[in-house]
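> Compute the structure for the input listed below.
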Amino acid sequence: MNARKKYLMIVAAVIVVAAFVGINGCKKSSDAEAKTACCPGCGQAKEAASAALCTKCGQIKGSDLCCKPDQPKCSACGLTKGSPGCCKIAKDAASAALCTKCGQIKGSDLCCKPDQPKCSACSLAKGSPGCCKLPKL
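Predicted coordinates:
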């Protein structure tokens, strides 16, 4: 085989692979794979398993209140007083999140603990940091 035929074979193979990837696309996860357990061991699935908290102010990241100036600070933890993360996020924490299934701090001992009383307004664990503060999905 001469060099020209080898070159044409390689180009043809690249075109076939590109066409295959273009038609099929990259593998996307199915709905079943997209649902993840809200916390280890709870076995309950939820589309969005958590809502990130800002470790600087304690509010839900991206919310209108996140890092808004002139909010009163908690004297105990230094975060925004009354925020979901107030006195719930460790001072040295790099990240924190609320479980969208129960409203508790994700990964905490109370996260998705069975038999917690539910809030009638938001259906999360009554009194949890996310109770009536998480946006409805």
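
> Could I get the full set of strands for this structure?
36-37, 45-46, 50-53, 96-99 (DSSP state E).

> Could you pick out the longest helix of the protein?
helix 3-24 (DSSP state H).

> elements contacting it?
Counting contacts by 3 or more CB pairs under 8 Å, 6 or more residues apart in numbering; DSSP states H and E, helix 3-24 packs against no other helix or strand. Just so you know, the C-beta spots here come from the backbone N, C-alpha and C atoms, and that holds for glycine as well.

> Without its sequence neighbours, what residue ends up closest to the residue nearest the centre of the chain?
The residue lying closest to the centre of the chain (CA atoms, centre = their mean) is residue 50, at 3.8 Å. Using CB to CB, 6 or more residues apart in numbering and skipping residues adjacent in sequence, the residue nearest residue 50 is residue 97, 3.8 Å away.

> In this structure the one you found contacts residue 60, no?
No. Using CB atoms under 8 Å, residue 97 is not in contact with residue 60; the gap is 9.4 Å.

> Give the residues shared as contacts by these two.
Counting by CB atoms under 8 Å, 6 or more residues apart in numbering, the common neighbours of residue 97 and residue 60 are 51-53.

> Buried among those? Need that as a selection in PyMOL.
Here is the PyMOL command that selects the buried residues among the shared contacts of residue 97 and residue 60 (16 or more other CB atoms under 10 Å):
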select buried, resi 51+53
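
> could you dump the shared contacts of residue 97 and residue 60 to a markdown table with distance to residue 10 and pLDDT?
Compiled in a markdown table, the shared contacts of residue 97 and residue 60 are given as follows (distance: CB to CB, whole Å; pLDDT from 0 to 100):
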| residue | distance to residue 10 | pLDDT |
| --- | --- | --- |
| 51 | 49 | 91 |
| 52 | 46 | 93 |
| 53 | 52 | 94 |
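
> Could you measure from the residue nearest to residue 50 over to residue 135?
14 Å (CB to CB, to the nearest Å).

> who has more neighbours, those two?
More crowded of residue 97 and residue 135, by other CB atoms under 10 Å: residue 97, with 20 against 10.

> Tell me what that one is bridged to.
In this entry, residue 97 is beta-bridged to residue 52, by DSSP bridges.

> ok now do it, which residues does it touch?
50-53, 105-106.
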